[in-house]
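K.L.:
Task: produce atomic coordinates for the following.
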Amino acid sequence: MGRDVVDVLISDRRNEHEITLVVECYCKVAHDLEDLYNRTNVILINEGAERMVQVHREDGDECAYPYIEVGPQTALALGLQDQSRYLIDYNSLLNAITLTRITLSSGEAVLGTDRKRGREPRITLGPALIATLGMGGHTNSRLTVSKNGVKLKAKLVIPENQFSDELLLSPHLIRKLRLSEGKQVPLSYHQRTKTLYMGKFTASSPGMPGNDELRPDASSRAPASAIRTAKPRKSSAGGVRKPFKTASSLAKPASTTVTGFGFGLVDRSISIVKAALAYWLRQKGSR
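P.N.:
Here you go, the predicted structure:
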């Protein structure tokens with residue numbers, strides 16, 4: 001059992017029956033997936049679609065962020081997007097991995113000033129910081145930067161040093177966004193809107209995505225019309241049998257139902273004991 005966050009990469013090196021998992025990288029280590037052993041056969045689930053694959057564990061070769069690598073056919077069958085971030089939920093009892101798209105990733109960095117071109121809107125992000133923020137799929141040379149509802153376009157500069165986690169803004173951007181040099185700045189990048197949010201925020205902060213966008217990506221869940229649910233089957237006696245359970249339905253956390261049932265059973269047991277005790281006391285008092 002384990003849950004952690006990884007990036008999904010699509011590669012021609014992988015066939016449709018295998019995926020590669022790398023958990024140890026220099027920006028993050030996905031400790032909760034250590035129990036997902038090499039050559040484990042699992043059901044990979046996303047948006048209600050399933051595919052049986054074998055997991056191949058590999059060592060991180062100076063990778064920035066933990067990732068799984070899948071082949072194009074598997075990605076197409078499951079609706080996975082290249083260089084996107086997902087929550088992995090591994091259920092060892094069912095040998096199932098459930099993926100949930102995450103669009104908002106956070107980090108922080110000390111703000112510095114880029115004095116090369118004072119008036120040009122310019123932002124420098126180190127590769128390590130880009131990996132932490134889930135910006136690997138951002139291919140545009142310009143980036144939307146936002147703070148307290150103010151949105152500005154800036155030229156994105158990425159240093160060659162892959163271990164760099166620097167954050168530099170031109171003086172023009174620092175003034176417009178009302179930031180202070182040398183201060184630790186919270187950062188959040190939204191993969192869908194391609195926007196970098198700066199400063200502390202809540203779901204109600206000006207210019208922030210709605211509540212649904214702050215949770216795991218709602219678009220990663222299949223619409224109700226697309227989910228194939230088995231219809232109840234009539235038995236020969238005229239009754240109705242329960243539909244078969246699929247791996248995706250079984251892969252939901254067991255605590256959701258087991259915990260509720262357990263507390264309900266305890267409450268009913270206590271009520272029965274209390275009623276029996278009250279009855280016994282009444283009978284004893286009447287004698």
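K.L.:
mind listing the helices in the protein by residue range?
P.N.:
Assigned helices in the chain, in chain order: 72-78, 127-132, 171-177, 211-214, 247-250, 255-286 (criterion: DSSP state H).
K.L.:
per-stretch mean pLDDT over the ones you listed, give me the minimum one.
P.N.:
Among these, helix 211-214 has the lowest mean pLDDT, at a mean of 39.
K.L.:
tally of neighbours for the nearest residue to Asp12 once chain neighbours are set aside?
P.N.:
Among residues not flanking Asp12 along the chain, Pro72 sits closest, at 6.5 Å (CB to CB, 6 or more residues apart in numbering). Where C-beta positions appear, they are placed from N, C-alpha and C, glycine not excepted. Applying other CB atoms under 10 Å, we find 15 other residues in the vicinity of Pro72.
K.L.:
Tally up the residues packed near Arg142, please.
P.N.:
Neighbours of Arg142 under the rule other CB under 10 Å: 13.
K.L.:
surely it meets Lys153?
P.N.:
Yes. In this structure Arg142 lies within contact range of Lys153 using CB atoms under 8 Å: 5.4 Å.
K.L.:
and the residue lying closest to Tyr67 once chain neighbours are set aside, what does it touch?
P.N.:
Once flanking residues are discounted, Tyr67 sits nearest to Asp7: 4.3 Å by CB to CB, 6+ apart. For Asp7, the contacting residues are Tyr65, Pro66, Tyr67, Ile68, Gln83, Ser84, Arg85, Tyr86, Gly134, Gly136, by CB atoms under 8 Å, 6 or more residues apart in numbering.
K.L.:
tell me the domain ranges of the protein?
P.N.:
Here the domain parsing of the chain from automatic domain parsing is 2-102, 104-214.
K.L.:
coming back round to it: the residue nearest to Asp12 and Val110, how far apart?
P.N.:
According to CB to CB, to the nearest Å, Pro72 and Val110 sit 40 Å apart.
K.L.:
same question, Gln191
P.N.:
Gln191 sits 24 Å away from Val110, going by CB to CB.
K.L.:
ok, those two, which is more surrounded?
P.N.:
Just comparing Gln191 and Val110: by other CB under 10 Å the higher neighbour count belongs to Gln191, 22 against 12.
K.L.:
Next one: the more buried one from Tyr37, what distance?
P.N.:
From Gln191 to Tyr37 the distance is 30 Å (CB to CB).
K.L.:
try Lys176
P.N.:
Look at Lys176 and Tyr37: by CB to CB, they are 51 Å apart.
K.L.:
how about the strands of the stretch 51-200 of the chain, start to end?
P.N.:
Ranges of strands in the stretch 51-200 of the chain, per DSSP state E, counting those that start in this stretch, are 67-70, 84-91, 96-102, 104-113, 122-125, 142-147, 150-157, 167-169, 184-190, 195-198.
K.L.:
quick one: buried residues of the longest one?
P.N.:
Judged by neighbour count using 16 or more other CB atoms under 10 Å, the buried positions of strand 104-113 are Leu104, Ser105, Gly107, Glu108, Ala109, Leu111.
K.L.:
what's the closest of these to Val185?
P.N.:
Checking those against Val185 with CB to CB, the nearest one is Leu111 at 4.9 Å.
K.L.:
so what's the closest one closest to, chain neighbours aside?
P.N.:
Among residues not flanking Leu111 along the chain, Val185 sits closest, at 4.9 Å (CB to CB, 6+ apart).
K.L.:
What is the burial count for the one you found?
P.N.:
Per other CB under 10 Å, the neighbour tally for Val185 reads 18.
K.L.:
Same check on Gln81?
P.N.:
Neighbour number of Gln81 under other CB under 10 Å is 17.
K.L.:
Contacts only, for it.
P.N.:
The contact partners of Gln81, taken as CB under 8 Å, 6+ apart, are Val8, Ala75, Arg101, Gly137.
K.L.:
Go ahead and confirm the last one touches His190.
P.N.:
Translated: Gly137. No. Using CB under 8 Å, Gly137 is not in contact with His190; the gap is 11.9 Å.
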